[in-house]
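Student: Sharing a model that was predicted from the sequence below.
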Amino acid sequence: MNYLEINRKSWNAKVEPHLKSDFYFVDEFLKGRSSLNSIELDLLGDLRGKKILHLQCHFGQDSISLSRLGAKVTGIDLSDKAIETARNLATQCGTDTEFIVSDVYELPNVLEGEFDIVYTSYGTIGWLPDLDQWAAVIAHFLKPGGKLVFVEFHPVVWMYDDDFTHIKYSYFNEKPIIETYEGTYADPSAPLVQDYVMWNHATSEVLTSLIAHSLEIKSFLEYNWSPYACFRRNEEFEKGKYRIPQFGSKVPHVFSLVAEKKFSEP
């Protein structure tokens, strides 16, 4: 099974319907609207003059939004069609954001340099089978004292079926999840039928992989809401804040994490 090619094909197919969807508000984005949410903005802080590596950037809206805040940003993604679109968007927005087509694991072979921040968010690690290798890539690109800023959907959410009526999947990374999906999270009515391969990752797997690569956990927060209405069942209980109705405020929907690369011992 070549999971990279299966998923590359899936993400290439998503680009066109995503560009047209309200979820990605491309027209407003081109006029200056940021795609970043309060969760990550609070963790990122002042970005002026910072070098940022954005992993799994899709077609680059967050990367460009980070550039607009004064950072020098490099975005990478598996999908060649997404990166082509990202470059076009950056040109239209007038930013110098750089974009590279690459699988996360292959990135050390195609990119050089160190970064102040590695950023990745919302629906990223589920496409990766091995978080130890993911953490090694992050550590490779962070300068000493640099930080990972990571926001992701909580692994508890991924245990359930699409209608959130029962537990369907293991909380733990036991095996790949190979399925066919109709539509897309940004547009359920999109005329797409796609195969994909994903993995669930327990919180312990995330934390221990980072710690094993000399990344010190500085912050770990859980949120009983999501900034995205990307699930089949959503309710907006405050402006820009969504919950799965049957979970209410009792279940974490998203978590955030900041980890700092340790300085070498003298």
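Tutor: Yep, it's here.
Student: Could you use CA atoms for every contact and neighbour count after this?
Tutor: Will do.
Student: Specify which residues of the stretch 151-266 of the chain, grouped into ranges, have pLDDT under the cut-off.
Tutor: For the stretch 151-266 of the chain, the stretches with pLDDT under 70 are 265-266.
Student: Could you rerun that using 90?
Tutor: Within the stretch 151-266 of the chain, the ranges that satisfy pLDDT under 90 run 189, 231-233, 263-266.
Student: Which stretches in it count as strands?
Tutor: Along the stretch 151-266 of the chain, counting by DSSP state E, counting those that start in this stretch, strands occupy 177-182, 193-198, 215-223, 235-238, 241-243, 254-261.
Student: Let's have the ones you listed in a markdown table, adding mean neighbour count and distance to residue 21.
Tutor: Converted to a markdown table, the strands of the stretch 151-266 of the chain look like this (neighbours: other C-alpha atoms under 10 Å; distance: least, C-alpha to C-alpha, whole Å):
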| stretch | mean neighbour count | distance to residue 21 |
| --- | --- | --- |
| strand 177-182 | 12 | 16 |
| strand 193-198 | 18 | 17 |
| strand 215-223 | 16 | 26 |
| strand 235-238 | 13 | 18 |
| strand 241-243 | 21 | 18 |
| strand 254-261 | 22 | 23 |
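Student: So for residue 127, which of those sits nearest?
Tutor: Closest to residue 127 of the strands of the stretch 151-266 of the chain is strand 193-198 (C-alpha to C-alpha; 4.9 Å).
Student: Now do the closest one: distance to the chain's middle.
Tutor: 17 Å (C-alpha atoms, centre = their mean, to the nearest Å).
Student: And residue 86, how far from residue 20?
Tutor: As for residue 86, its distance to residue 20 is 14 Å (criterion: C-alpha to C-alpha, to the nearest Å).
Student: what about these two, which has more around it?
Tutor: Shown here are residue 86 and residue 20; by other C-alpha atoms under 10 Å, residue 86 has more neighbours (26 against 14).
Student: what's stretch 119-131 in contact with?
Tutor: 7, 52-57, 134, 148-153, 176, 197-201, 205-206, 209 (C-alpha atoms under 8 Å, 6 or more residues apart in numbering).
Student: Among those, which are located in helices?
Tutor: Under the assignment DSSP state H, the contacts of stretch 119-131 contribute 7, 134, 205, 206, 209 to helices.
Student: The first one: neighbour count?
Tutor: Pointing back at residue 7 there. So residue 7, with other C-alpha under 10 Å, has 19 neighbours.
Student: Residue 150: what's it in contact with?
Tutor: By C-alpha under 8 Å, 6+ apart, the neighbours of residue 150 are 40, 119, 120, 121, 256, 257, 258.
Student: ugh, wrong one, I meant residue 198
Tutor: Contacts of residue 198 (C-alpha under 8 Å, 6+ apart): 126, 127, 128, 129, 176, 177, 178.
Student: Now distance to residue 93 too, for the contacts of residue 150, in a markdown table please.
Tutor: As requested, the contacts of residue 150 are arranged in a markdown table below (distance: C-alpha to C-alpha, whole Å):
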| residue | distance to residue 93 |
| --- | --- |
| 40 | 21 |
| 119 | 21 |
| 120 | 21 |
| 121 | 22 |
| 256 | 28 |
| 257 | 29 |
| 258 | 29 |
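Student: can you tell me which of those lies nearest to residue 225?
Tutor: residue 256 (12.1 Å).
Student: For residue 122, see how far away the closest one is.
Tutor: 10 Å.
Student: Common neighbours of the two, please.
Tutor: Common neighbours of residue 256 and residue 122 (C-alpha under 8 Å, 6+ apart) are 151, 152.
Student: host element of residue 14?
Tutor: helix 3-20 (DSSP states H and E).
Student: And the very next helix or strand once past that helix, what does it pack against?
Tutor: Using DSSP H and E, the helix or strand that directly follows helix 3-20 along the chain is helix 26-30. Where contact means 3 or more C-alpha pairs under 8 Å, 6 or more residues apart in numbering; DSSP states H and E, helix 26-30 is packed against helix 80-93.
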